[in-house]
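Asks: The following comprises the amino acid sequence and a computationally predicted model.
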Amino acid sequence: MTTPLITILDDEPEIRRILTEALDEAGFRTQSFARAREFEASLKRVTPDVCLVDLSLPDTDGLSLVHRLALEQGAAVIIISGRAQVQDRVTGLELGADDYITKPFDPVEVVARVRARLRSGPRPAAQTSDIAHFSGWTAHFDRYMLEDDSGTETPFSHAEGEVLRLFLDSPKRLISRSQMQEMLGGAAGDSFDRAMDVRISRLRTKLREDPKNPRLIKTIYGAGYIFLGDVSWD
């Protein structure tokens, strides 16, 4: 089994050193970059398993980069930033980040978050196919794209795709928050709950759901969620 590759994008040399040492000691392969240009060039050669991305970069807007990564790459994205405002965290998650860690941080926590993102939790009747059909939609997980019955395509992020696949793997079955946390990884608590709320809201928008009465992704208050569509896989 190939050792997971973790890339670090941060313009502070000391941050790169701390993260590299902690991840190397934990048994991961690492690459670190001070500039977004070098980082994005490396993505053309290899796709990392997890990208650790700072938002305050000298040569690009970090949030825009996170959005591109979420839509175009198969890697999980964890933001590591000195921006501690709630709105920054919400925006990062809305743009497709899988997790958000604020500076200063404990390297042990970062390693734990990375492991949580890589952990492959149990999925009932999990599918290995990359194409699913449901309720007039086709989800292309190989290229992160939703296609309606007219052929119009809408991109979704890696993080949104994880949640959608979880629903499509278990249609018409209640999935609790604790089950989502176990299956998708991530630290339990308000941060994880907010991330799930953001991803599910964005999926509903892309599936053109009525937010007051969604027909596919139903919230069962106090219990979890249930996906009501019929699903078939290629």
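Replies: Great, that's in hand.

Asks: What residues sit buried inside the helix or strand of the chain with the lowest mean pLDDT?
Replies: The weakest-scoring helix or strand in the chain, judged by mean pLDDT, DSSP states H and E, is helix 86-94 (a mean of 75). If you call a residue buried by 16 or more other Cβ atoms under 10 Å, then helix 86-94 has these buried ones: 88-89, 91-94. In short, each C-beta sits where N, CA and C put it, glycine included.

Asks: Distance from the chain centre to it, please.
Replies: Distance of helix 86-94 from the chain centroid (Cα atoms, centre = their mean, to the nearest Å) equals 13 Å.

Asks: What about Arg173, how many residues nearby?
Replies: When neighbours are defined as other Cβ atoms under 10 Å, Arg173 has 14 of them.

Asks: A strand includes it, no?
Replies: No: using DSSP: H, G, I helix; E, B strand; the rest coil, the assignment for Arg173 is coil, not a strand.

Asks: returning to that earlier point: closest one of the buried residues of helix 86-94 to Ala223?
Replies: Within the buried residues of helix 86-94, proximity to Ala223 (Cβ to Cβ) peaks at Leu93, which comes in at 22.9 Å.

Asks: I'd assumed Tyr100 was in contact with the closest one.
Replies: Yes: with contact defined as Cβ atoms under 8 Å, Leu93 reaches Tyr100; the gap is 6.4 Å.

Asks: Which stretches in this structure count as helices?
Replies: 13-25, 36-43, 62-72, 86-94, 107-118, 158-169, 177-184, 190-206 (DSSP state H).

Asks: Now do the second one: which elements does it pack against?
Replies: If you count contacts as 3 or more Cβ pairs under 8 Å, 6 or more residues apart in numbering; DSSP states H and E, helix 36-43 packs onto strand 5-9, strand 29-33.
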